[in-house]
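S.K.: Quick check, what structure comes out for this input:
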Amino acid sequence: MADPRHSRDLGNSFTLNNPNDGTPIKEMLPLGKYLYLITKKCTYRVQMADQIDPERKNPTLPPVFQQKLFDLGTDSELLRRTLMQAKVLFRKEFLSIDSDKAMELTLEALAELAELHEIYKNFASLEQAAINKLGANPSKDGSQTVPSAGNVQTQCKTFAQKADHFAAKLIEIVRLFYPEQKGKNWDDLQAMAKDRYSDSDPFCEVLKIAVPVLKLVRNMRDCLEHHLPGVVVRDFEPEPDGKIAVPTIEVNFRGSTIERISISTFMSKLSKQLLDTFEMFAAHMSSKHMKPFAGMSMQIGLVPEDVQNAWHVRFAYGMHDQSGRFVPCG
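M.R.: Numbers count the residues shown, from 1 in each chain. I've put the predicted structure just below:
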């Protein structure tokens, strides 16, 4: 006798279809209509057939759909300090914000940071290839060959755009914690925090470092998109001493100033600063908005180094034991 149940009601299993991965699933994150599976190397999004065909009109539809989102997993510092950190901190048990929205924005911010990092890696690779080519093909006459990294202006503009997209996602997360900041800018956030918490508060100290960086991102994007005189980008360029300077950038616009610096160095530093900013904002804003949990005195603390690999984050809710060691909970 045939089983009267629909095929989707029967037990099913699947494997992640990525021969370049093969590492175990370390984290799972249900969010909206998707389930996110995170291995040591990659992040995947999974959707069930009933979410695509809720009326079950197509019995031949595969029960599960999977899609690789990032070549970033729990081994990635970039993913740990964004998505994993948000998963640990942006929790309904401890915060009154819209946690699902905060996680959705974090995913979008991570996507921008991942692209930002790829732009930096690609630029650094092009730069090094040009240097290697020059060294392998010395001039045979009295001329000097000057290498090129391609259209450096466009590459810097794309980098600035991605950085600004990340900053836009971050300020949307900020507004979940501080709804009164809707329509306001980074200077307004810093002024509010100083007034509410005092200038020496740890969050205010973070803002003193982060706000100039976030303003630089917007100013740099405006200059490069609208061809304003405030950002100077140079490809490889001969110097008076006979040396060839690597591609450089300098900024002097609306109070944002960066002395002439190697583009690859600048991209590397800015990518790290934005990652630091996300992690510290997440920790401090969550700490400021914690609600009581089951009558226990909880706080956000630095996870001991010997258990950070198990937690995949640096900050978590927890408490200190009798020896003073922070014990993450939840």
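S.K.: all contacts plus neighbour counts: C-alpha atoms, from now on.
M.R.: Noted.
S.K.: now the helices for the stretch 51-200 of the chain?
M.R.: Remark: helices assigned in the stretch 51-200 of the chain by DSSP state H, counting those that start in this stretch are 77-79, 85-89, 99-136, 152-177, 186-197.
S.K.: Residue 299 is nearest to which of those?
M.R.: Nearest to residue 299, of all the helices of the stretch 51-200 of the chain, is helix 85-89, at 10.9 Å by C-alpha to C-alpha.
S.K.: returning to that earlier point: just say which of the helices of the stretch 51-200 of the chain is most tucked in.
M.R.: Stretch with highest mean neighbour count among the helices of the stretch 51-200 of the chain: helix 85-89 (a mean of 22; mean count of other C-alpha atoms under 10 Å).
S.K.: ok, of the helices of the stretch 51-200 of the chain, where does mean pLDDT dip lowest?
M.R.: The minimum mean pLDDT among these belongs to helix 99-136 (a mean of 93).
S.K.: tell me the domain ranges of the protein?
M.R.: Per automatic domain parsing, the structural domains of the chain span 13-70, 77-134+148-222+265-291, 293-330.
S.K.: In TSV: the ones you listed, plus distance to residue 254.
M.R.: Listed next are the domains of the chain as TSV, based on distance: least, C-alpha to C-alpha, whole Å:
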stretch	distance to residue 254
domain 13-70	35
domain 77-134+148-222+265-291	7
domain 293-330	35
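S.K.: show me the contacts for the residue nearest to residue 130 when sequence neighbours are not counted.
M.R.: Closest residue in space to residue 130, ignoring its immediate chain neighbours: residue 147 at 5.7 Å, by C-alpha to C-alpha, 6 or more residues apart in numbering. By C-alpha atoms under 8 Å, 6 or more residues apart in numbering, the residues touching residue 147 are 130-131, 134, 236.
S.K.: And residue 166, how far from residue 173?
M.R.: Here the criterion is C-alpha to C-alpha, to the nearest Å. By it, residue 166 lies 11 Å from residue 173.
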